[in-house]
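**Q** here is a sequence together with a model predicted from it:
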Amino acid sequence: MTSRIAVTGIGATSALGGTAPENWSNLLAGVSGTHTLEHEWVQTYQLPVTFAAEASVRPEEVLPRHEAKRLDPSTQFALIAAREAWADAGEPEVEPERLGIDWATGIGGVWTLLDAWDTLREKGPRRVMPLTVPMLMPNAGAGNLSLQFGAKAFARTVVSACASSTESLVNACEHLRDGLADVVIAGGAESAIHPITVASFASAQALSRRNDDPEHASRPGSVDRDGFVMGEGGAALVLETEEHAKARGAKIYAYVVGGGVTADSHHITGNDPEGLGAARAVELALASAGISADQVTHINAHATSTPVGDPNEYVALKRVFGERIDEIPVSATKASTGHLLGGTGALEAVYTVLALRDRVAPPTINMTEQDPEVPFKLSGEPQPLGDGPLHAISNSFGFGGHNAVVAFASAD
């Protein structure tokens with residue numbers, strides 16, 4: 001089945017801005033959202049990595065205090081992004097039983113969990129907040145969005161590491177095609193820039209160590225890349241059947257036309273060096289979209305800036321696109337935003353939608369010398385995508401061997 005799903009609203013909050021338009025403007029301008037962390041805990045725990053891409057607009061600046069204190073930061077970001085997307089979509093009138101939530105996170109309420117543990121150790125059980133579990137549970141984002149928007153069709157949560165929110169978009173597309181809802185709010189959020197995660201990723205040799213030059217630390221495809229940069233935030237897309245969107249006269253940014261989800265079954269953290277699972281996810285996305293590899297005109301790559309991950313993604317995509325992979329404009333936007341873990345796929349989906357709308361691939365900043373093992377068509381400047389119908393894919397690959405790819409088509 002190849003029925004198209006319309007994207008009618010978008011919202012985003014990240015290191016590049018507190019709204020989707022701010023994100024897009026700063027992304028096109030080549031802004032880096034990575035900075036030195038100004039927290040006492042960096043020195044307290046003598047962390048080997050002292051920078052990250054924190055959200056530029058803090059949730060407490062947006063949400064009322066009484067609301068924010070009942071939500072983990074990851075859910076705060078979810079609410080902010082979803083509210084923006086819902087307003088952007090014109091607040092669709094839809095029966096509660098026909099409105100669904102497909103949400104995602106990679107880690108969930110890590111701040112709530114570890115703050116509660118500190119409270120228990122230092123002050124005893126009576127001081128642990130009664131809302132601790134509802135705040136830390138990974139499905140808190142989906143549950144709170146369901147409450148916020150009165151969504152009764154379903155409120156589902158994907159936890160597939162860094163593939164999470166791309167998988168949530170694939171699920172939303174399938175749920176709409178299967179007739180389970182008329183409108184779905186889909187996306188993901190993460191707030192895991194915490195001492196334990198920074199220390200753990202650093203111990204695993206996954207993070208960049210460029211403490212002296214944080215703004216240029218994330219270098220996807222560059223020969224001197226040395227790891228990813230942690231980011232945070234959230235992004236949401238309002239998706240609805242094409243018939244529903246057109247019946248209410250909604251503006252349509254682009255269409256979700258397909259998706260693919262696979263597993264490597266190779267290693268708990270490393271992806272398959274032969275790219276078999278990732279390639280199959282792309283092929284499934286194209287097949288469900290009813291398009292060929294030759295019709296893809298833009299790719300938002302997973303491209304985390306790790307020494308092993310970037311070449312493996314190139315190997316996977318070359319399996320699908322052959323020599324043409326070197327001609328397709330590719331964007332590696334984590335260079336600007338950092339890596340939002342479970343929220344990153346949704347943010348990059350927003351960027352992909354806007355790339356199709358504006359017919360331009362956003363730049364990949366911080367390229368020094370391109371690695372010959374990663375010869376994607378990357379550019380430090382925006383790349384024009386040309387005229388006519390456009391198709392794009394956005395890739396996400398996560399710990400556990402999770403692969404998720406979503407395919408989009410331009411609205412005109």
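**A** Alright, I've got the coordinates. The shown structure was predicted, so the numbers you read here are calculated from the model rather than taken from an experiment. Residues are numbered from 1 along each chain as shown.
**Q** show me where pLDDT drops low in the stretch 151-300 of the chain?
**A** For the stretch 151-300 of the chain, no stretch is flagged by pLDDT under 70.
**Q** swap in the stretch 301-412 of the chain?
**A** Applying pLDDT under 70 to the stretch 301-412 of the chain flags no residue at all.
**Q** in contact with Gly234, which residues?
**A** Gly234 makes contacts with 12-14, 74, 77-78, 80-82, 187-190, 340, 343, 346-347, as judged by C-beta atoms under 8 Å, 6 or more residues apart in numbering. C-betas here are computed from N, CA, C, even on glycine.
**Q** just the element for it, please.
**A** Here Gly234, judged by DSSP states H and E, is contained in strand 233-241.
**Q** pairing partners for that strand, with directions?
**A** In the sheet, strand 233-241 lines up against strand 5-13 (antiparallel), strand 183-190 (antiparallel) (DSSP bridges).
**Q** so how far is the helix or strand that the shortest one is followed by from its chain's centroid?
**A** Looking back up the chat, that one is strand 183-190. Sequence-wise, the next helix or strand downstream of strand 183-190 (DSSP H and E) is helix 195-203. Relative to its chain's centre, helix 195-203 lies at 20 Å (C-alpha atoms, centre = their mean, to the nearest Å).
**Q** in helix 195-203, which residues are buried?
**A** Thr197, Val198, Ala199, Phe201, Ala202 (16 or more other C-beta atoms under 10 Å).
**Q** go on, stretch 38-58?
**A** His39, Val42, Leu47, Val49, Thr50, Phe51, Ala52, Ala53, Glu54, Ala55, Ser56, Val57.
**Q** quick check: end-to-end length of it?
**A** End-to-end distance for stretch 38-58, by C-alpha to C-alpha, to the nearest Å: 14 Å.
**Q** need the strands paired with strand 233-241 in CSV (columns: distance to Arg127 and mean neighbour count).
**A** Putting the strands paired with strand 233-241 into CSV (distance: least, C-beta to C-beta, whole Å; neighbours: other C-beta atoms under 10 Å) gives the following:
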stretch, distance to Arg127, mean neighbour count
strand 5-13, 31, 29
strand 183-190, 27, 34
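**Q** could you export those as TSV, including distance to Thr112?
**A** Listed next are the strands paired with strand 233-241 as TSV, based on distance: least, C-beta to C-beta, whole Å:
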stretch	distance to Thr112
strand 5-13	19
strand 183-190	13
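**Q** and the ones you listed: which comes nearest Asn144?
**A** Of all these, it is strand 183-190 that lies closest to Asn144, at 10.6 Å by C-beta to C-beta.
**Q** so His266 is in which element?
**A** Using DSSP H and E, His266 maps to neither a helix nor a strand.
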